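A.B. asks: sequence first, predicted coordinates after that:
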Amino acid sequence: MACWILNEKLSVLLLLVWLGLNLYLFIDTFHWYEDEDAYTYTRIMLGSTLAWARASATCLNFNCMLILLPVSRNLISFLRGANIVNIYKR
């Protein structure tokens with residue numbers, strides 16, 4: 001097990017950072033919708049359902065952003081044009 005962790009330490013670190021960010025986003029959003037005074041009447045009607053739904057939606061939005069970021073046309077165009085040495089222009 002120790003050899004696997006040493007060989008895959010970057011992957012394990014990336015996974016832990018991703019899980020930590022998702023956990024932080026979920027807890028922060030959940031507490032926001034549970035404690036904010038603007039949602040008092042909604043909490044009376046729905047209970048904690050609103051907080052659960054909005055916290056899940058925040059995590060889903062974050063993960064969709066991570067999926068769509070690499071395929072963004074603007075990002076790809078920027079990376080294509082950001083070469084220091086461009087072999088096509090002589």
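C.D. replies: All right, it came through fine.
A.B. asks: contacts for stretch 19-32 next, please.
C.D. replies: 51-52, 54-56, 58-59, 62-63 (CB atoms under 8 Å, 6 or more residues apart in numbering). For every residue, glycine as well, the C-beta is placed using N, CA and C.
A.B. asks: immediately after the lengthiest helix in the chain, which helix or strand?
C.D. replies: In the chain, taking DSSP state H as the definition, the longest helix is helix 9-35. Once the chain leaves helix 9-35, the next helix or strand it forms, by DSSP states H and E, is helix 40-46.
A.B. asks: could you check the angle the helix or strand following that next one makes with helix 9-35?
C.D. replies: In the C-terminal direction, the helix or strand that comes right after helix 40-46 (DSSP H and E) is helix 49-68. Helix 49-68 and helix 9-35 are oriented at 150 degrees to each other (axes from the mean of the first three to the mean of the last three CA atoms, to 10 degrees).
A.B. asks: what comes up buried for helix 49-68?
C.D. replies: 50-52, 54-55, 58-59 (16 or more other CB atoms under 10 Å).
A.B. asks: and stretch 27-45, by the same measure?
C.D. replies: Under the neighbour-count criterion of 16+ other CB under 10 Å, stretch 27-45 has 29-30, 33, 39, 43 buried.
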